[in-house]
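[1] Sequence first, then the predicted structure:
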Amino acid sequence: MASMLLGASSDMIYRGHDAQAALGGDGYSAKKQHRPVGPCRARARALRYVLGEQRLVFALVGMAIASFVLLLAAPSGRHGAAVKTSGQELMSGSAAAGLAARQYTGVARMAYEEPRRVPGRVPLGLKRKGLRVVVTGGAGFVGSHLVDRLLARGDSVIVVDNFFTGRKENVLHHAGNPNFEMIRHDVVEPILLEVDQIYHLACPASPVHYKYNPVKTIKTNVVGTLNMLGLAKRVGARFLLTSTSEVYGDPLQHPQVETYWGNVNPIGVRSCYDEGKRTAETLTMDYHRGANLEVRIARIFNTYGPRMCIDDGRVVSNFVAQVINKLLMHRTLPHVAFHSTRFNRSP
Ligand SMILES: O=c1ccn([C@@H]2O[C@H](COP(=O)(O)OP(=O)(O)O[C@H]3OC[C@@H](O)[C@H](O)[C@H]3O)[C@@H](O)[C@H]2O)c(=O)[nH]1
């Protein structure tokens with residue numbers, strides 16, 4: 001029976017066993033006091049306890065199993081290992097928030113990171129948890145290949161594109177994939193998406209396209225990048241900007257390293273793209289320094305490959321188009337089919 005004693009103050013004090021003694025019941029009787037035990041006897045008693053019933057053996061076996069499991073789950077790889085640059089050492093995470101000048105001749109590789117939520121190796125038997133990723137400009141030439149890669153590694157991808165130069169057929173093969181979504185949206189307007197990573201590629205890349213509406217081009221690079229950086233900060237996403245070799249302008253240094261500041265004309269007909277991308281890089285670094293945003297900047301040089309429009313006016317596609325035209329004129333080339341607005345040659 002528990003009872004409450006009224007102490008000197010009005011508050012209730014519970015002392016069950018005292019109450020029993022005070023009431024003379026046969027309740028609680030205090031334990032008989034043992035003789036104080038010396039340190040030697042205490043140690044001997046503790047040793048007897050540990051050795052009794054093979055307790056030590058079980059403890060050692062338990063520690064061995066725990067250390068084996070921890071070894072298997074030990075993280076590997078470098079945290080934030082970032083942008084690889086051809087022929088240069090791997091940069092650390094923070095350094096990669098700087099710039100990676102890509103010394104490519106004709107081929108650009110899109111380096112992407114191990115996902116932040118699964119640093120290092122995934123523990124034995126567990127499946128890597130897919131990330132939620134948005135790719136602006138994901139219906140374009142480079143972006144559509146990035147979308148392929150992200151979906152293949154198990155991520156959920158949202159393409160945000162206004163189809164100014166991008167094409168739905170570049171990503172149509174993902175139409176049935178539940179991890180794939182596409183939104184027709186112009187990044188100069190804000191958008192709110194709960195994502196883990198943002199790859200920002202939305203911008204016309206070919207001079208033919210970006211000179212068509214230069215104000216829109218620089219607006220996409222400045223306001224569009226601001227909107228996507230703001231989204232990254234708001235949802236805590238990692239941000240990658242695809243920049244370009246054009247930030248070096250007419251470079252006086254060859255080859256260009258990422259610490260070279262370039263030689264750019266601020267008022268030329270290409271400045272909407274060159275300066276637009278430079279401003280996008282500035283904004284990216286300012287969000288990195290000011291809001292501690294995790295960012296990467298990839299400066300992509302001339303690129304070619306499937307889904308590139310033969311008539312988009314870039315150096316590689318121009319070269320290929322001229323060769324084909326010359327050969328066709330001399331009727332020495334079998335019929336070929338190309339994705340383009342002007343060079344449709346179907347067999
Ligand atoms: O305002 C715009 C302009 C363009 N876009 C989209 O952005 C995509 C750009 O794709 P493009 O094929 O034109 O260009 P690329 O894929 O070759 O280059 C793209 O990725 C690499 C970056 O360095 C380039 O700046 C970027 O344009 C297109 O899908 C286009 O529709 C927008 O979503 N909004």
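    Noted; the coordinates are in hand.

[2] Just want the phi and psi numbers for the closest residue to the ligand within the stretch 151-300 of the chain.
    Using Cβ to the nearest ligand atom, the single residue of the stretch 151-300 of the chain nearest to the ligand is Gly166, 2.1 Å away. The way it works is simple: take the backbone N, C-alpha and C, and place the C-beta from them, glycine included. Dihedral pair for Gly166: phi -80, psi 160, per degrees, to the nearest 10.

[3] any idea how far it lies from Ser144?
    8 Å (Cβ to Cβ, to the nearest Å).

[4] Overlap in contacts, the two.
    Taking Cβ atoms under 8 Å, 6 or more residues apart in numbering as the contact rule, Gly166 and Ser144 both touch Gly138.

[5] So which residues on the chain come close to the ligand?
    By the criterion of Cβ under 6 Å from any ligand atom, the positions of the chain lying close to the ligand are 136-137, 139-143, 161-166, 186-187, 201-205, 220, 242-244, 300.

[6] one step back: look at Gly166 and Ser144 and report which has more neighbours.
    The residue with the greater number of neighbours, taking Gly166 and Ser144 and applying other Cβ atoms under 10 Å, is Ser144; the counts read 26 against 22.

[7] So that one is in contact with Leu172, correct?
    No. With contacts defined as Cβ atoms under 8 Å, Ser144 does not count as touching Leu172, sitting 9.7 Å away.

[8] picking that back up, isn't the residue of the stretch 151-300 of the chain closest to the ligand right next to Gly137, touching?
    Yes. Contact status for Gly166 versus Gly137: in contact at 6.5 Å, counting by Cβ under 8 Å.

[9] Now do the shared contacts for the two.
    For the pair Gly166 and Gly137, residues contacting each of them under the criterion Cβ under 8 Å, 6+ apart are Gly143.

[10] What's the separation between Pro190 and Tyr304?
    Looking at Pro190 against Tyr304, where the rule is Cβ to Cβ, the gap reads 34 Å.

[11] quick one on the thing from earlier: which residues sit in contact with the residue of the stretch 151-300 of the chain closest to the ligand?
    Neighbouring residues of Gly166 by Cβ under 8 Å, 6+ apart: Gly137, Gly138, Ala139, Gly140, Gly143, Ser144.

[12] Apply 10 Å and report the result again.
    With contacts taken as Cβ atoms under 10 Å, 6 or more residues apart in numbering, Gly166 has the following neighbours: Gly137, Gly138, Ala139, Gly140, Phe141, Gly143, Ser144, Val159, Leu201, Ala202, Pro204, Arg307.

[13] what do you get for Gly62?
    Under the criterion of Cβ under 10 Å, 6+ apart, Gly62 has no contact partners.

[14] Assign it to helix, strand or coil.
    Each residue gets one of three states, and Gly62 gets helix by DSSP: H, G, I helix; E, B strand; the rest coil.

[15] On the pLDDT front, check it for me.
    According to the model's per-residue confidence, Gly62 sits at a pLDDT of 80.

[16] Low-confidence ranges, the stretch 101-250 of the chain, go.
    Counting by pLDDT under 70, the stretch 101-250 of the chain shows low-confidence ranges at 101-123.

[17] 80 instead, please
    By pLDDT under 80, the low-scoring segments of the stretch 101-250 of the chain are 101-127.

[18] remind me, longest helix of this protein?
    For the chain, the helix with the greatest residue count under DSSP state H is helix 271-291.

[19] Which other helices and strands does that helix contact?
    In terms of contacts (3 or more Cβ pairs under 10 Å, 6 or more residues apart in numbering; DSSP states H and E), helix 271-291 is packed against strand 99-101, helix 207-210, helix 214-219, helix 225-235, strand 238-244, strand 295-300.

[20] I'd like the average pLDDT over it.
    Computed over helix 271-291, the average pLDDT equals 98.

[21] thinking again about what came up before, which members of the residues of the chain next to the ligand are classed as buried?
    Among these, those scoring as buried are 136-137, 139-143, 161-162, 164-166, 186-187, 201-205, 220, 242-244, 300 (criterion: 16 or more other Cβ atoms under 10 Å).

[22] Tell me which entries of those lie within helices.
    With helices defined by DSSP H, the entries of those inside them are Phe141, Val142, Gly143.

[23] My guess is the first one contacts Met308. True?
    It stands for Phe141. Yes. Using Cβ atoms under 10 Å, Phe141 and Met308 qualify as a contacting pair, with a distance of 5.0 Å.

[24] okay, and the common contacts of these two?
    The overlap between the contact sets of Phe141 and Met308 (Cβ under 10 Å, 6+ apart) consists of Ala205, Ser206, Arg314, Ser317, His339.

[25] how close does the fourth one sit to the ligand?
    This means Ser317. As for Ser317, its distance to the ligand is 10 Å (criterion: Cβ to the nearest ligand atom, to the nearest Å).
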